[in-house]
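Q: For reference, the sequence and a predicted model appear below.
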Amino acid sequence: MRVDKFLWCVRYYKTRNMVTEACKKNHITVNGQLAKPSKEVFPSDTITFRKDQITQIITVLDIPESRVGAKLVDIYRKNETPAEVYQHLELLKLSKEHYRKTGDGRPTKKDRRDLDDFGNEL
């Protein structure tokens, strides 16, 4: 099965066109080699791809006939992405929540004092 079709079938990408674009940007490798969308994948192949600021590593266990339901995805692939990568993503999400949203205006006097206290603690 083609790598673009496989990643679409196991629900890593919403459309095959998105997989094709990722291949063109050199975000997808099969067994350590850059992959074109037409690259054939077989069971026991390792696919590495970058999506949503995470480098995912999966091993092909079996080839699906067509796109599978979310509950059946684990039959066809084994996720070997380290847990630290997901923890790093959570930290990124939390750090983005810390900043003020645009359009909130200037900081209040209390906000300024909190920022000054934070700077003095370091």
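A: Nice, thanks for sending it over.

Q: Count residues in the vicinity of Glu80, would you?
A: 12 (other C-beta atoms under 10 Å). C-betas here are computed from N, CA, C, even on glycine.

Q: scratch that, Lys39
A: Lys39 is flanked by 19 other residues according to other C-beta under 10 Å.

Q: What backbone torsions are found at it?
A: When read as degrees, to the nearest 10, the backbone of Lys39 gives phi -60, psi 130.

Q: Spit out the contact partners of it.
A: Neighbour list for Lys39: 2-3, 30 [criterion: C-beta atoms under 8 Å, 6 or more residues apart in numbering].

Q: And for Asp52?
A: The contact partners of Asp52, by C-beta under 8 Å, 6+ apart, come to Leu89.

Q: Name the surrounding residues that touch the longest helix seen in the chain.
A: The longest helix of the chain (DSSP state H) is helix 83-98. The contact list for helix 83-98 (C-beta under 8 Å, 6+ apart) reads 52-55.

Q: Quick check: nearest residue in space to Asp62, chain neighbours excluded?
A: Leaving aside its sequence neighbours, Asp62 sits nearest to Tyr76 (C-beta to C-beta, 6 or more residues apart in numbering; 5.0 Å).

Q: just checking, the one you found touches Thr59?
A: No - using C-beta atoms under 8 Å, Tyr76 is not in contact with Thr59; the gap is 10.2 Å.

Q: re earlier: go through the longest helix of the chain and flag the buried ones.
A: Using 16 or more other C-beta atoms under 10 Å as the test for burial, helix 83-98 gives no buried residues.

Q: following that helix, which helix or strand shows up next?
A: Next along the chain after helix 83-98, taking DSSP states H and E as the criterion, comes helix 109-121.

Q: buried residues in that following helix?
A: Residues of helix 109-121 include none that count as buried (16+ other C-beta under 10 Å).

Q: what's the model's confidence in that helix, averaged?
A: If you average the pLDDT over helix 109-121, you get 83.

Q: Please pick the buried ones from the contacts of helix 83-98.
A: So, by 16+ other C-beta under 10 Å, none of the contacts of helix 83-98 is buried.
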